[in-house]
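S.K.: can't give you the sequence, but here's the structure:
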Ligand code: CTP
Ligand code: MG
């Protein structure tokens with residue numbers, strides 16, 4: 001593993017400290033104690049060539065905690081620290097940059113991390129962190145997915161490295177629910193004469209075939225040039241994006257899927273937080 005030098009200058013008003021080795025010979029965190037599954041054969045060729053970008057600058061409105069979601073205590077540490085620990089333990093990752101909410105940048109200070117101030121939107125936060133990335137590959141991850149494992153990171157990286165024609169590879173899980181498309185009554189087919197809508201309930205228009213449907217997760221690993229191009233697209237579209245892969249796809253990029261477990265859940269609501277707490281506590285007890 002080689003320390004890398006940051007390309008370009010950090011965004012104004014932010015702080016970046018990189019050029020450090022990760023994974024010192026310290027005791028492994030509980031995150032990296034998870035049992036390894038069959039390693040992807042491309043893992044070895046991708047050692048330490050990736051920078052992790054952790055998007056942690058959201059407010060966490062739907063969680064409704066006192067402060068930003070990434071800093072909410074979870075199984076004994078602030079939520080974002082679970083993701084940081086997984087990236088520290090991941091073989092292909094040589095450096096980490098975290099996009100923090102304004103006012104929280106110094107909470108991760110003094111550690112072996114690059115820290116930048118995030119933006120108004122998720123994409124703005126990722127763009128900000130990307131300015132501090134000097135590797136050819138970047139792994140973008142939501143701090144809101146604290147159950148990430150180092151094995152999953154290595155496998156998503158390996159999926160991309162194994163296909164030189166691909167621009168990105170993402171963790172995703174097959175959709176298990178039956179998915180309905182619905183709309184307000186007024187926008188569906190004309191009501192039958194004499195029939196009035198009484199409840200105002202949405203009306204099902206169709207049931208989608210869930211066979212080819214995947215729920216996108218993070219990490220999402222990209223060739224940095226492809227991601228930079230994608231983030232340079234129409235600002236409204238970029239601001240509305242809920243993941244980076246959709247921007248790379250829209251720019252004509254080829255994005256691969258690495259099947260990942262539903263346990264790699266996203267903490268959005270208080271229920272998710274309870275689930276994550278249970279799963280992480282159970283993992284630590286193993
Ligand atoms: N994120 C970010 N910068 C933003 C908005 C979101 O870095 N301006 C990050 C969040 O910190 C989170 C990830 O993007 O790790 C996924 O976003 P989401 O789950 O929607 O988190 P929040 O935006 O914080 O939550 P909410 O939408 O409920 O406010
Ligand atoms: Mg959000």
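M.R.: Good, I have the coordinates. Given the structure is predicted, the values throughout are model-derived calculations rather than measurements. Residues are numbered from 1 along each chain as shown. Ligands and ions are numbered 1, 2, ... in the order given.

S.K.: which residue packs closest to whichever residue of the stretch 1-150 of the chain sits closest to ligand 1, ignoring adjacent ones?
M.R.: Nearest residue of the stretch 1-150 of the chain to ligand 1, counting by C-beta to the nearest ligand atom: residue 58, 2.0 Å away. For the C-beta atoms, the positions are set from N, CA and C on the backbone; glycine is no exception. Nearest residue to residue 58, sequence neighbours excluded (C-beta to C-beta, 6 or more residues apart in numbering): residue 69, at 5.8 Å.

S.K.: beta partners for the residue most central in space within the chain?
M.R.: Centroid-nearest residue in the chain: residue 141, 2.6 Å away (criterion: C-alpha atoms, centre = their mean). Here residue 141 sits in beta bridges with residue 54, as judged by DSSP bridges.

S.K.: touching, the residue of the stretch 1-150 of the chain closest to ligand 1 and residue 70? I think so.
M.R.: Yes - at 7.1 Å, residue 58 counts as touching residue 70 under the criterion of C-beta atoms under 8 Å.

S.K.: on that earlier part again, per-residue pLDDT, the residue nearest to residue 58?
M.R.: For residue 69, the pLDDT comes out at 98.

S.K.: ok, it - contacts?
M.R.: Counting by C-beta atoms under 8 Å, 6 or more residues apart in numbering, residue 69 makes contact with 58, 59, 60, 63, 79, 143, 144, 267.

S.K.: and the gap between residue 183 and ligand 1?
M.R.: Taking C-beta to the nearest ligand atom, to the nearest Å as the measure, residue 183 falls 24 Å from ligand 1.

S.K.: er, residue 153 I mean
M.R.: Separation of residue 153 from ligand 1 (C-beta to the nearest ligand atom): 16 Å.

S.K.: residue 180 now?
M.R.: Where ligand 1 is concerned, residue 180 sits at a distance of 23 Å (C-beta to the nearest ligand atom).

S.K.: from memory that residue sits against residue 210, does it?
M.R.: No - in this structure, residue 180 is not within contact of residue 210 by C-beta under 8 Å, at 10.6 Å.

S.K.: name the SS class of the nearest residue to residue 76 once chain neighbours are set aside, please.
M.R.: Nearest residue to residue 76 in three dimensions, chain neighbours excluded: residue 284, at 7.9 Å (C-beta to C-beta, 6+ apart). Following DSSP: H, G, I helix; E, B strand; the rest coil, residue 284 is assigned to helix.

S.K.: could you check how many residues crowd around residue 284?
M.R.: 13 (other C-beta atoms under 10 Å).

S.K.: residue 75 too?
M.R.: Other residues within reach of residue 75, judged by other C-beta under 10 Å, total 18.

S.K.: list the contacts of it.
M.R.: Listed by C-beta under 8 Å, 6+ apart, the contact set of residue 75 reads 82, 276, 277, 280, 281, 284.

S.K.: list the buried ones in the helix or strand containing the second one?
M.R.: Just to be clear, that refers to residue 276. Under the criterion of DSSP states H and E, residue 276 resides in helix 270-285. Buried residues in helix 270-285, counted by 16 or more other C-beta atoms under 10 Å: 273, 276, 277, 279, 280, 283.

S.K.: now do stretch 224-244
M.R.: 224, 226, 227, 229, 230, 231, 238, 241, 243, 244.
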